[in-house]
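# Would you be able to build a 3D model of this:
(one chain, ligands or ions: 2)
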Amino acid sequence: MNSEKQDSSELIARKNKELSAILEVSRVLTTSFDLEKNLSSVMSTLGELLDLQRGCVFLLDPLTKELRIVAAHGLTKQNIEKGKYRIGEGIVGRVLERNSPMVISNIGKEPLFLNKTGSRPEKEGISFLCVPIEFKKEPLGVLSVDRIYATEHGNVDDDLRVLKIVASLTAQFIKLWESYDEVEKEKEHLKRELKGKYSIENVIGNSDRMQEVFEAVHRVAPSKATVLLRGESGTGKELIAKAIYYMSPRSKGPFIKFNCASIPEGLLESELFGHEKGAFTGAISTRNGKFELANGGTIFLDEIGDLPLTLQPKILRVLQEREFERVGGQKTIKVDVRIIAATSRDLEGMVSEGRFREDLYFRLNVIPILLPPLGQRGEDIPVLIEYFLKKFNKENNRSVTFDKNAMQIFLDYEWPGNVRELENTIERLVVMSPSEKIAASDLPVSLSIRRPRSKINTASLMTDIGEIEKVNIIDALKKTGWVQAKAAKLLGITPRQIGYKIKKYRIIEKA
Ligand SMILES: Nc1ncnc2c1ncn2[C@@H]1O[C@H](COP(=O)(O)OP(=O)(O)OP(=O)(O)O)[C@@H](O)[C@H]1O
Ligand SMILES: [Mg+2]
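Numbering: from 1, shown residues only. Ligands and ions are numbered 1, 2, ... in the order given. Model (predicted):
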């Protein structure tokens, strides 16, 4: 083969390589919306297809005005971390500043070449090509490659041409990614905003846990589905039951409340289902039960866990068929009712002990809503205090407020009686306080006693461990004036760990 022929076939081969590299770059840039991943693929594509020793994409951080390596080929992690340049600094910095390419044919002889990444032990013989990444004259970053020139590698002009095309493709992708990223962030922001937007009249709760409850209430209210409200005493089960009723299309119908624990077992059946005249001694006339009274509306079966086993089959039938017979009656009565039940009892435990029918449990548990204890949603305490102060001040024509220390005691207390206890405490204070400003010394001593959390079972053990950790972190933060680094030291963990845990437990500094 003569040398001219050899040259032209080499030229064709090289052009083909360049073309495939450009095609491949444009392909990888459309594979995802992950900036770093795509740019890394671009660099390795270039490295492989064009036999480059090293390559880097530097992007300009608009805040720090620094160029940072976001993707690289042939560099170690440490090299990457070291590669930071200011505008105008080194070759990379200059290329960005001047917005024009630079070629250093032998970096060993170039004093401007800073070798910041430390990735080139021997600089001799290596050429360095650097092109700006820009979009409509806006500098976005810099693309750089290292290259050892041998004849078959072509010349600098060819390489520069390819790099310029790659830089322009990269710039377009970066711009696209920026607007995508902005839209995604905006979406997240709107989602978060919306999350705090669930509200229910007269029910207070900004905590995530309560917002989840509100969301569930909004979702179930329009349907006829049976709802089971769970939660400790005083967490607001009845309040939520009424809210569901008011927010439902049945709000024009009756709301009948029945407490299954309030009446002796013998009278329960006739209370719920009614009786015919003469059904038992004293049944002097026919009487409608609660289910009939609730026809067209909603029945709230409070303390459902106290329902005696003997009555459970009859309730189950109402749940399944919406029908029953009065005590002493033959006629089957059909009703159209929505059932909301509530209990603070451990129904699952009762089922396993045979004190609550499993089939009834499943029928009731279609949509369970758990009301978290107040101690687990400290963020709600200040808003609840504000709400109840306003309410009782108005009722009593007063303008009582809490001072900072009194507020702190309210925040630290566990509230075993939950919102009811908080509400009653505030009412008493508003009525009884001689002064308008309540200080810590005006509060009942019982509020300063930390009560151990009750009822530890295996299911809640993990949350209890979390609780203990959370309390420890808050204590440490308080002791150190909310300086995270100091609190971390006190706890023997790193500042990073404490930062993570503060986020995890949503700990906020309280005034
Ligand atoms: N999130 C809340 N916002 C405003 N008030 C609340 C809230 N939760 C509870 N309350 C008030 O606390 C008191 C107790 O609530 P409720 O009677 O609904 O609790 P419960 O869960 O039914 O308790 P129990 O199991 O003892 O019957 C009520 O006066 C109620 O208005
Ligand atoms: Mg109740």
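# Now the element after the strand or helix carrying Leu176, going C-ward?
Using DSSP states H and E, Leu176 sits within helix 156-195. Per DSSP H and E, the first helix or strand lying C-terminal to helix 156-195 is helix 208-220.
# right, and the helix or strand after that following helix?
strand 227-231.
# That following strand - contacts with which helices or strands?
Applying 3 or more CB pairs under 8 Å, 6 or more residues apart in numbering; DSSP states H and E, one finds that strand 227-231 contacts helix 237-246, strand 338-343, strand 367-371. Using the backbone N, CA and C atoms, a C-beta is placed for each residue, glycine as well.
# before we move on, the earlier item: show me what the helix holding Leu176 is packed against.
When contacts are defined as 3+ CB pairs under 8 Å, 6+ apart, helix 156-195 sits against helix 3-28, helix 35-49, strand 127-135, strand 138-147.
# Out of the helices and strands packed on strand 227-231, which gets nearest to ligand 1?
Ligand 1 lies closest, by CB to the nearest ligand atom, to one member of the helices and strands packed on strand 227-231: helix 237-246, at 3.3 Å.
# Which residues of the stretch 101-250 of the chain lie near ligand 1?
203-205, 231, 233-239 (CB under 6 Å from any ligand atom).
# related to what we said a few turns ago, list the buried residues of the helix holding Leu176.
159-160, 162-163, 165-171, 173-174, 177 (16 or more other CB atoms under 10 Å).
# measure the residue in the chain that ligand 1 sits nearest to to Ser446 for me?
Nearest residue of the chain to ligand 1 (CB to the nearest ligand atom) works out as Gly236 at 2.8 Å. Per CB to CB, to the nearest Å, Gly236 is found 22 Å from Ser446.
# Those two - which one has more neighbours?
More crowded of Gly236 and Ser446, by other CB atoms under 10 Å: Gly236, with 22 against 9.
# wait, the more buried one sits on Leu371?
Yes: with contact defined as CB atoms under 8 Å, Gly236 reaches Leu371; the gap is 5.5 Å.
# thought Ile80 was touching Ile69?
Yes: between Ile80 and Ile69 there is a contact under CB under 8 Å: 4.8 Å.
# Neighbour count: those two, which is higher?
Ile69 (25 against 17).
# For beta bridges, what are the partners of the more buried one?
Beta-bridge pairing of Ile69 under DSSP bridges involves Phe58.
# Quick check: it touching Tyr85?
No: using CB under 8 Å, Ile69 makes no contact with Tyr85, being 9.3 Å away.
# Just read off the phi/psi values of the closest residue to Ala476 other than its chain neighbours.
Leaving aside its sequence neighbours, Ala476 sits nearest to Ala487 (CB to CB, 6 or more residues apart in numbering; 4.0 Å). When read as degrees, to the nearest 10, the backbone of Ala487 gives phi -60, psi -40.
# please begin residue numbering at 206 from this point
Okay, residue one is now 206; in that scheme the one you just asked about reads as Ala692.
# Show the average pLDDT along stretch 678-695.
The average pLDDT within stretch 678-695 is 87.
# tally of neighbours for Asn243?
Neighbours of Asn243 (other CB under 10 Å): 23.
# who touches it in this structure?
233-234, 236-237, 378, 382 (CB atoms under 8 Å, 6 or more residues apart in numbering).
# can I get those in CSV with pLDDT?
Shown next, in CSV, are the contacts of Asn243 (pLDDT from 0 to 100):
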residue, pLDDT
Val233, 90
Leu234, 90
Thr236, 87
Ser237, 86
Phe378, 93
Trp382, 90
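# Let me know the closest of the residues you listed to Phe496.
Ser237 (58.5 Å; CB to CB).
# my read is that closest one is in a strand, agree?
No: under DSSP: H, G, I helix; E, B strand; the rest coil, Ser237 falls outside any strand and is assigned coil.
# which ones are touching it?
With CB under 8 Å, 6+ apart, Ser237 has these contacts: Asn243.
# Show me which residues of the stretch 606-716 of the chain sit near ligand 1.
So the stretch 606-716 of the chain meets ligand 1 at 624-625, 628 (CB under 6 Å from any ligand atom).
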